[in-house]
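> Turn this into a model:
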Amino acid sequence: MPRCHILRRAAYLVGDRHALRRMLRVSMNDLYDWLAGYANPLTHVFLQAVDVIDAHASRQAGRANAPSA
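Below you'll find the predicted structure:
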């Protein structure tokens, strides 16, 4: 999956691009370039976005495995 798709998914999960920008502590110009696929994000930024997606997936799996009352 291209890195821009990972960043877009992370932005969706945290609310929007502005929330993702704050979370990643990057400039909006850089984020726009990465989201558009004009440039690849720095490795540590990309890995933070992957962590956002992983945390969401873990929460979803936890809900699916939780015993019903």
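> so what's the residue nearest to the spatial centre of the chain up against?
In the chain, the residue lying closest to the centroid (CA atoms, centre = their mean) is A10, at 2.1 Å. When contacts are counted by CB atoms under 8 Å, 6 or more residues apart in numbering, A10 touches L20, A49, V50, V52, I53. Any C-beta I mention is one placed from the backbone N, CA and C, and that applies to glycine too.
> what helix or strand does the third one sit in?
With elements delineated by DSSP states H and E, V50 resides in helix 43-65, which encompasses its position.
> elements contacting that helix?
Helices and strands touching helix 43-65, by 3 or more CB pairs under 8 Å, 6 or more residues apart in numbering; DSSP states H and E, are helix 3-14, helix 17-24.
> can you put those helices in TSV and add distance to P67 and mean pLDDT?
Shown next, in TSV, are the helices and strands packed on helix 43-65 (distance: least, CB to CB, whole Å; pLDDT from 0 to 100):
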stretch	distance to P67	mean pLDDT
helix 3-14	26	96
helix 17-24	32	97
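> Of those helices, which is nearest S58?
helix 3-14 (12.0 Å; CB to CB).
> can you pull the buried residues of the closest one?
R3, C4, I6, L7, R8, R9, A10, A11, L13, V14 (16 or more other CB atoms under 10 Å).
> Can you pull out the low-pLDDT segments for this structure?
By pLDDT under 70, the weakly predicted segments of the chain are 66, 68-69.
> which residues touch P2?
By CB under 8 Å, 6+ apart, the neighbours of P2 are G37.
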